[in-house]
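>>> Quick check, what structure comes out for this input:
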Amino acid sequence: MIGRISGVLMEKEPPRLLVDVSGVGYEIDAPMSTFYQLPAVSEPVVLHIQTVVREDALLLYGFYSKAERSMFNKLVSVSGIGPRLALTVLSGMGVAELATAIGNQEVDLLIRVPGIGRKTAERLLLDLKDKMEMFGGVADLADSKLPAASVVDEAADALEALGYKRTEAMRIIRKLDGEVHTASESLIKAALKGLMR
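Here you go, the predicted structure:
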């Protein structure tokens with residue numbers, strides 16, 4: 001199984017990125033929390049990988065930190081939560097924030113994530129409530145460090161790929177566009193917070 005990839009970042013179009021490793025391009029899906037941490041295209045990158053093997057596909061999910069990968073694995077262990085939904089959850093909440101929500105049994109916070117209904121949220125809280133100790137000291141990873149390259153369409157595309165309706169995403173983005181968001185990553189992060197309220 002592939003557990004780590006080190007190479008050159010060739011493309012990043014949420015939720016997918018392409019990493020070149022010695023001439024082989026690996027397509028990897030990643031949560032927005034990882035996208036906030038990525039270097040610029042053509043720069044070296046290291047990702048922690050979770051490999052999912054299916055009958056018809058070999059899928060790679062990439063994470064900036066081991067804590068993100070561990071939380072992803074905890075999420076997909078819950079019945080009704082697949083890899084795509086787990087990425088959406090991690091895109092809307094940092095690892096520490098999610099661990100706190102699970103520890104405090106905050107069902108109302110979880111049902112704001114697209115694709116998670118009350119029953120799934122309650123199952124998630126029940127299954128994971130005693131498995132959050134390892135995430136207690138983890139800092140929130142949703143920190144935007146990337147240089148300015150803001151395009152409203154890019155932010156809207158990313159939110160749409162995460163399951164939000166484009167009209168809703170655009171409404172929130174327009175409210176935020178006048179703020180101090182010079183990078184699309186920063187705009188996406190702020191929009192996700194707005195959509196989660």
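
>>> next structured bit after the lowest-mean-pLDDT helix or strand in the chain?
Between all helices and strands in the chain, the lowest mean by mean pLDDT, DSSP states H and E belongs to helix 166-177, at a mean of 70. For helix 166-177, the succeeding helix or strand toward the C-terminus, using DSSP states H and E, is helix 184-196.

>>> quick one: that following helix to chain centroid distance?
Chain-centre distance of helix 184-196: 12 Å, with Cα atoms, centre = their mean, to the nearest Å.

>>> Pull out the buried residues from that helix.
Using 16 or more other Cβ atoms under 10 Å as the test for burial, helix 184-196 gives 184, 185, 186, 187, 188, 189, 190, 191, 192, 195. For glycine as for every other residue, the C-beta is placed from the backbone atoms N, C-alpha and C.

>>> Would you confirm that the last one contacts residue 159?
Put plainly, it is residue 195. Yes. Counting by Cβ atoms under 8 Å, residue 195 touches residue 159, with 7.3 Å between them.

>>> Could you single out the nearest of the buried residues of helix 184-196 to residue 163?
For the buried residues of helix 184-196, the closest approach to residue 163 (Cβ to Cβ) belongs to residue 195, at 10.2 Å.

>>> related to what we said a few turns ago, any chance you could list residues touching both of residue 195 and residue 159?
Shared contacts of residue 195 and residue 159, defined by Cβ atoms under 8 Å, 6 or more residues apart in numbering, comprise residue 169.

>>> pretty sure residue 77 contacts residue 124?
No. Applying Cβ under 8 Å as the test, residue 77 and residue 124 come out as separate, 9.8 Å apart.

>>> With adjacent residues omitted, what lies nearest to the most centrally placed residue in the chain?
Among the residues of the chain, residue 31 comes closest to the average C-alpha position under Cα atoms, centre = their mean, at 2.0 Å. In space, not counting the residues next to it along the chain, residue 31 is nearest to residue 90; the distance is 3.7 Å by Cβ to Cβ, 6 or more residues apart in numbering.

>>> relative to helix 184-196, how tilted is the helix or strand in which that neighbour is found?
Assignment of secondary structure by DSSP H and E places residue 90 within helix 83-92. Using axes from the mean of the first three to the mean of the last three Cα atoms, to 10 degrees, the interaxial angle of helix 83-92 with respect to helix 184-196 works out to 100 degrees.

>>> so what secondary structure elements neighbour helix 83-92?
Helix 83-92 makes packing contacts with strand 24-29, helix 32-35, strand 58-63, helix 66-76, helix 184-196 when contacts are defined by 3 or more Cβ pairs under 8 Å, 6 or more residues apart in numbering; DSSP states H and E.

>>> Many thanks, I have nothing further to ask.
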